[in-house]
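In: structure, please.
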Amino acid sequence: MLAQLDLWQGSAAEAAGAFERAAEHARRADDRRLELDCLEWINGCLLHGPAPAEEAIRRSEEIQQAGDRRVEAWGRTVQCVLEAMLGNFDEARQLREQARATWEDLGMRLELTGAGQNFGWVELLAGDPAAAEREFRAVYDMSERMGETGYLSTTAGFLAEALYAQGRDEEALRYTKEGERAAAADDFLSQLLWRAVRAKVLARRGELESSEKLAREAVALADSTDFLDARGTVHLALAGANARRPPRRRDRCGCTKTKGTSSQQDGRGPCSQNCAKRRRLHSPVAPAGFEPDQEFAEPIALSSISPADVPQPLRKQDSARTRGRETAPSDEPLPQMLWRQVRGKVLAVLALAGHDASSELDRALALYERKGNLVMAKRTRSRLAELTAPR
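Out: Numbers count the residues shown, from 1 in each chain. Here you go, the predicted model:
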């Protein structure tokens with residue numbers, strides 16, 4: 001159960017280790033069903049977590065040798081996306097059809113609604129959003145008929161992405177609303193998907209403030225996890241919002257301001273406390289031993305950030321994800337309160353940190369390269385080249 005919670009809340013590497021240990025204990029106890037259940041879950045960790053695509057494929061192929069059709073079907077459902085990340089689209093589609101045939105033969109309709117997300121993902125990577133739409137819509141409709149919402153909320157986000165890629169913004173916006181409606185507050189993947197697509201739609205409409213706000217919320221949700229590909233997705237969405245803003249220039253302090261406006265706030269000069277606060281943490285994750293910039297006389301005022309600054313799903317996610325792991329004794333409310341308060345405020349600062357389009361593309365590229373997603377890394381490099389090309 002703890003391993004499942006780890007995965008649902010975005011700690012795929014930790015979850016994978018826990019599932020591997022549980023599978024070994026189950027094998028020693030001669031509990032075949034539990035062993036196979038753990039092996040199924042490992043596949044999800046391999047897809048979403050930090051394991052590079054090629055390494056994840058090797059482990060998934062090992063798992064598929066367990067001698068169980070359901071385990072094999074999940075393995076192929078995951079492997080088809082990993083192969084697509086490497087650009088092996090023919091092999092990816094072959095694996096997809098093998099997995100689909102097995103799910104249908106087993107009559108496992110609920111599992112098929114989850115697997116369908118991966119089936120459409122293959123086509124998004126292959127650059128065929130119309131084919132992706134067909135895959136996503138089929139399992140979305142299936143979930144809807146079953147009254148199922150867990151897979152439906154995530155599928156809605158994927159379907160919205162396929163529609164956005166075809167320029168059908170109104171339909172894409174509709175499905176982001178469906179995803180928002182159906183998603184549980186602590187379902188971070190569904191929460192970041194609808195935000196990311198809606199941010200791109202709003203950016204294309206010119207509603208830049210709303211677009212950037214949603215994209216930053218999605219980044220705050222994703223960057224507290226080790227789901228590398230999902231993190232790349234939301235940084236691309238934020239890059240899209242930033243790329244459409246009016247030109248900005250940097251003040252001496254590193255703060256930015258739109259051309260023709262002043263960054264002076266509350267009469268405190270161009271380096272207001274708020275600007276400094278946004279500048280402190282330049283990267284999505286502060287390095288160990290992080291020290292405030294020496295050029296600022298006053299320390300970062302974390303206490304000035306209200307918990308309301310943190311999106312509600314992020315607060316719930318953080319609480320659920322770390323439940324039972326705090327070093328503070330559970331029966332001492334003050335240490336518990338302080339621990340959660342500080343983490344929430346740090347994440348709020350990260351969510352507020354301002355970055356331009358090229359830096360967000362750099363972050364997305366680094367994440368895709370770490371995951372071994374060659375297809376998205378190539379597309380991101382192309383966007384970077386277009387953005388930085390002389391005009």
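
In: find me the pLDDT at the nearest residue to R93 once chain neighbours are set aside, would you?
Out: With sequence-adjacent residues excluded and distances taken as C-beta to C-beta, 6 or more residues apart in numbering, R93 is closest to V122, at 6.5 Å. (Each C-beta comes from the backbone N, C-alpha and C, glycine too.) Among the per-residue scores, V122 shows a pLDDT of 98.

In: for V122, which three-state class applies?
Out: helix (DSSP: H, G, I helix; E, B strand; the rest coil).

In: for it, what are its contacts?
Out: For V122, the contacting residues are 80-81, 84, 89, 92-93, 96, 132, 135, by C-beta atoms under 8 Å, 6 or more residues apart in numbering.

In: just the residues you listed now: which is nearest W194?
Out: When the contacts of V122 are compared for distance to W194, the smallest value, 16.6 Å, is given by A132; criterion: C-beta to C-beta.

In: hmm, back to that, most neighbours, which of the contacts of V122?
Out: C80 (28 neighbours; other C-beta atoms under 10 Å).

In: for that residue, report the pLDDT, please.
Out: Note for C80: predicted pLDDT of 98.

In: before we move on, the earlier item: of all the contacts of V122, which two lie farthest apart?
Out: Of all pairs drawn from these, the widest gap by C-beta to C-beta lies between F89 and E135 and measures 13.8 Å.

In: burial count for D186?
Out: The tally of other residues near D186 (other C-beta under 10 Å) stands at 20.

In: give me the distance between it and K177.
Out: Taken as C-beta to C-beta, to the nearest Å, the spacing of D186 relative to K177 amounts to 19 Å.

In: most centrally placed residue in the chain?
Out: Nearest to the centroid of the C-alpha atoms of the chain, with distances taken as C-alpha atoms, centre = their mean, sits A230, at 2.9 Å.

In: so who does the residue nearest to that residue when sequence neighbours are not counted touch?
Out: For A230, the nearest residue in space outside its immediate sequence neighbours is A222; the separation is 5.2 Å by C-beta to C-beta, 6+ apart. A222 makes contacts with 10, 188, 192, 230-231, 233-234, as judged by C-beta under 8 Å, 6+ apart.

In: thinking again about what came up before, going by distance to T380, which of the contacts of V122 wins?
Out: Out of these, the member with the shortest distance to T380 (by C-beta to C-beta) is A84, at 16.0 Å.

In: wait, what's in contact with L238?
Out: Contact analysis of L238 by C-beta under 8 Å, 6+ apart lists 199, 212, 215-216, 218-219, 355, 360.

In: no, scratch that, I was asking about A243
Out: Under the criterion of C-beta under 8 Å, 6+ apart, the contact partners of A243 comprise 357, 387.

In: so L152 touches Y140, yeah?
Out: Yes - when contacts are counted by C-beta atoms under 8 Å, L152 is listed as touching Y140 (6.3 Å).

In: A215: how many residues sit nearby?
Out: A215 has 28 neighbouring residues, counting by other C-beta under 10 Å.

In: ok, now how distant is it from P52?
Out: A215 is 26 Å from P52, where distance means C-beta to C-beta.

In: do the same with A377
Out: Here the distance between A377 and P52 works out to 12 Å (C-beta to C-beta).

In: again, but for M146
Out: Counting by C-beta to C-beta - M146 and P52 are separated by 35 Å.

In: of the two, which one has the most company?
Out: Neighbours were counted for M146 and for P52 using other C-beta under 10 Å; P52 has more, 17 against 13.

In: ok, the residue lying closest to that one once chain neighbours are set aside - contacts?
Out: Take P52 and drop its neighbours on the chain: the residue closest to it by C-beta to C-beta, 6+ apart is G372, 3.8 Å away. Contacts here follow C-beta under 8 Å, 6+ apart; on that basis G372 touches 52-56, 85-86.
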